[in-house]
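**Student:** Please work out how this folds:
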Amino acid sequence: MAYFPDALLSVVCKNSIVAEKDNNWCFIWQDAEQEFRVNWQRAALTSMFGFAFVGPVGHFWYEGLDRFIKMRLQLQPKSAKFVATKVAMDGLIFGPFDLFVFFTYMGFSTGKTAAQVKESVKRDFLPALILEGGVWPIVQVANFRYVPVRYQLLYVNIFCLLDSAFLSWIEQQKDAPWKRRFTSFTTLKERGGQGRL
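**Tutor:** Alright, predicted model coming up:
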């Protein structure tokens, strides 16, 4: 229980940041003619995601990942191998899991059916994963090399402002033509290998 105050601080900070970034993102992408209005329902939904999932799960993920790499893999903290291993594990395990939970949660919380959520996840997951895969490793190298473990989630929350805005944008793009480039290989598989990429 020694880490409870840190976990609580992480949850509260993440909760506040999620609500604020979502409202900022909605404001940035409104038409110039529209009056700015806060969508309190959406702010509450994204806040609940941060409060119930990202805050607690992220806190214990960073603590546990650090402990696992030090104790089980016996890598020297802050070394190049340590940081590279931590970045790889974060990107291959937590990144995809977080995206899946985000898109699933947002779908169900906005009243979509299971079939609609499945289609949304299928449409949005891969483009988001590929595009985020070019940014998060850079952010995490600095995080894992220079930031003490107890503050790593708070550091990440700064970048979550941009990331959550990006994910909201991806979600609002629906079936944009550019997304088809990322999902073309899944449709090729569904067609039994027929057609071009």
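
**Student:** buried residues in the host helix or strand of Gly55?
**Tutor:** Using DSSP states H and E, Gly55 maps to helix 55-71. In terms of neighbour count (16 or more other Cβ atoms under 10 Å), helix 55-71 has its buried residues at Gly55, Pro56, Val57, Gly58, His59, Trp61, Tyr62, Glu63, Leu65, Asp66, Ile69. From N, CA and C alone the C-beta is placed, and that goes for glycine too.

**Student:** what bits of the chain have low per-residue confidence?
**Tutor:** Within the chain, the stretches with pLDDT under 70 are 1-34, 36, 183-197.

**Student:** Let me see the ranges of the helices in it.
**Tutor:** For the chain, applying DSSP state H gives helices covering 4-28, 40-49, 55-71, 80-89, 95-109, 114-132, 136-146, 152-172, 180-190.

**Student:** Distance from the third one to the middle of the chain?
**Tutor:** To tie it back to what came earlier, the one meant is helix 55-71. Put simply, helix 55-71 sits 16 Å off its chain's centre (Cα atoms, centre = their mean, to the nearest Å).

**Student:** List the residues that contact the nearest residue to Lys179 once chain neighbours are set aside.
**Tutor:** Leaving aside its sequence neighbours, Lys179 sits nearest to Pro127 (Cβ to Cβ, 6 or more residues apart in numbering; 5.1 Å). Going by Cβ atoms under 8 Å, 6 or more residues apart in numbering, Pro127 touches Ile170, Trp178, Lys179, Phe182, Thr183.
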